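Asker: fold the following, please.
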Amino acid sequence: MSGTTVLDGICRYFGGPYDPKTHTYRASPVPGVGIVRRAWPKDDGHQDFFHGMPPGARTGSMLVFWIPRRSEGRFAVAGPYNGQKNVLYQIEGACYLRSRTPDAEDAQDDMYALQDALVEWMRRDRTLGKACFQAGEHVEGGSGTIDFDNGQPETKGQLTKSFFLMSFTALEIAQA
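Answerer: Prediction:
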C-alpha cells in the first residue's frame, strides 16, 4: 500500500466516508469529532468543528492526520527475490477543539473525554478498518503506544480553543 492509501484508510476509520466536494471525512463514528482531514485546510470554518453533532453541542473538533515519517525495513527469505518489507508509518493526528462551555475546566474535560474516545475507537480494530496491518501496537523500530501531547487552551470571547497531538505507529507488511 502507498502512504496515501494508508492515510486515507486511517481518515476513513476515524472520519467516515470521504466527501470529495469538501475534501473531508464528515461522518465520524467517534463522539466529539466534527470532521477529519488528511491535510490542513486553507479555511477552518467554525461550523466544521460541530459538523454532525447534536444542536447545542458544547465542544467540537477537527482532526487532521498526516505522516511526518515513514521507514521501510527489509528482510530476505529463501533466495534473492523473496522477502518481506515492514513499512512503519509514524502517524500524527492534530486535533483542534472549539468549546462554548461557560467554564474552561469543562472544555478541558471534554478534551480528555475525546482522547479517551479516540483510544477506545482504536481498541476496536487494530487494523483501523484494514488501513494497515496494525496500529498502536508494539513493532520493532516503532512505538507500541498511543501518545497525546496537549497544548495550552486559550479562552477569548466565551470560546475556548484547545489543541492536542495524537501519535502512534502504523505497520504495513508487504511481500516482495
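
Asker: need the contact list for the residue nearest the centre of the chain.
Answerer: Closest to where the C-alpha atoms of the chain average out (C-alpha atoms, centre = their mean) is residue 93, at 4.0 Å. Residues in contact with residue 93 (C-beta atoms under 8 Å, 6 or more residues apart in numbering) are 14, 63, 64, 65, 118, 165, 166, 167. (Glycine included, C-beta is placed from N, CA and C.)

Asker: ditto for residue 15
Answerer: 24, 25, 26, 27, 28, 33, 35, 36, 37, 63.

Asker: could you measure from it over to residue 26?
Answerer: As judged by C-beta to C-beta, to the nearest Å, residue 15 and residue 26 stand 7 Å apart.

Asker: identify the contacts common to these two.
Answerer: residue 35.

Asker: tell me how far residue 139 lies from residue 90.
Answerer: In terms of C-beta to C-beta, residue 139 sits 12 Å off from residue 90.

Asker: contacting residues around the closest residue to residue 99 other than its chain neighbours?
Answerer: Counting by C-beta to C-beta, 6 or more residues apart in numbering, residue 99 lies nearest to residue 107, which is 3.5 Å off, once chain neighbours are set aside. For residue 107, the contacting residues are 58, 59, 97, 99, 101, 153, 155, 160, 162, by C-beta under 8 Å, 6+ apart.

Asker: could you do residue 98 as well?
Answerer: So residue 98 contacts 46, 49, 50, 59, 60, 61, 159, 160, 161 (C-beta under 8 Å, 6+ apart).

Asker: how much space between residue 99 and residue 27?
Answerer: Counting by C-beta to C-beta - residue 99 and residue 27 are separated by 22 Å.

Asker: quick one: average confidence on the helix or strand harbouring residue 95?
Answerer: Assigned by DSSP states H and E, residue 95 belongs to strand 83-99. Throughout strand 83-99, pLDDT has a mean value of 92.
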